[in-house]
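Asker: return a 3D structure for these sequence lines:
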Amino acid sequence: MGNLFIQVYWILLHPFYVSIATVDYNQEAQRVEISCRIFYDDLETALKASEKATAVDLIHPANRQEMDRLLGRYLTRHLRLSVNDHPQELHYLGYEIEDDVAWCYLEANGINALQRIAVDNRILFDQFAKQSNILHVTAYGERKSTKLDNPEHRAVFDFTQNLPH
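Answerer: All right, here's what the predicted structure looks like:
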């Protein structure tokens, strides 16, 4: 009983901050597809701070187009990709809410081969000192993962051994 009390006490006093970004190379479509899972209340806090927005409601936005614009700008400023040492322009596609998580979608087009991918993920780092961002990157059927603990924000994944011949 004492152990359970300590665990509950620790969780209540020390909340955890985590997001998960899944980065998939779609060879057939020649693009990188990204989905981010972020607690929507944390994301609202970040949007209020970084975008100077006063009314941020991801679940029931007063203006969905304006919310997409704010969220797209935030994500493309705080998440960046480089493929084969070339920076990629990310295109924000949209978001949806599932339970307490915002699923956000982005993509980078015109990538005919992927050898190395560098991911710079600073999502929520300005708001939460204990933020961790988990990355799952898949190319040519191989998945690689890492965790970035604030302030660590960059990871490089090498897929040269997986290139099709």
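
Asker: so His136 touches Lys147, yeah?
Answerer: No: the criterion here is CB atoms under 8 Å, and His136 misses it with Lys147 at 10.3 Å. Quick note: C-beta positions are derived from backbone N, CA and C, even for glycine.

Asker: quick one, strands of the protein?
Answerer: Listed in chain order, the strands of the chain (DSSP state E) span 17-26, 31-39, 79-83, 86-88, 91-98, 101-109, 116-121, 131-139, 142-149, 154-158.

Asker: could you dump those to JSON lines with mean neighbour count and mean pLDDT?
Answerer: Conversion of those to JSON lines gives the following (neighbours: other CB atoms under 10 Å; pLDDT from 0 to 100):
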{"stretch": "strand 17-26", "mean neighbour count": "19", "mean pLDDT": "94"}
{"stretch": "strand 31-39", "mean neighbour count": "20", "mean pLDDT": "96"}
{"stretch": "strand 79-83", "mean neighbour count": "20", "mean pLDDT": "97"}
{"stretch": "strand 86-88", "mean neighbour count": "14", "mean pLDDT": "96"}
{"stretch": "strand 91-98", "mean neighbour count": "14", "mean pLDDT": "96"}
{"stretch": "strand 101-109", "mean neighbour count": "19", "mean pLDDT": "96"}
{"stretch": "strand 116-121", "mean neighbour count": "20", "mean pLDDT": "97"}
{"stretch": "strand 131-139", "mean neighbour count": "20", "mean pLDDT": "95"}
{"stretch": "strand 142-149", "mean neighbour count": "14", "mean pLDDT": "95"}
{"stretch": "strand 154-158", "mean neighbour count": "15", "mean pLDDT": "97"}
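
Asker: how far away is the residue nearest to Arg116 when sequence neighbours are not counted from His136?
Answerer: Counting by CB to CB, 6 or more residues apart in numbering, Asp158 is the residue found nearest to Arg116 once chain neighbours are left out, at 5.3 Å. For Asp158, the distance to His136 (CB to CB, to the nearest Å) stands at 15 Å.

Asker: so Pro151 touches Asn121, yeah?
Answerer: No: using CB under 8 Å, Pro151 is not in contact with Asn121, being 11.6 Å away.

Asker: and stretch 51-62, end to end?
Answerer: End-to-end distance for stretch 51-62, by CA to CA, to the nearest Å: 16 Å.
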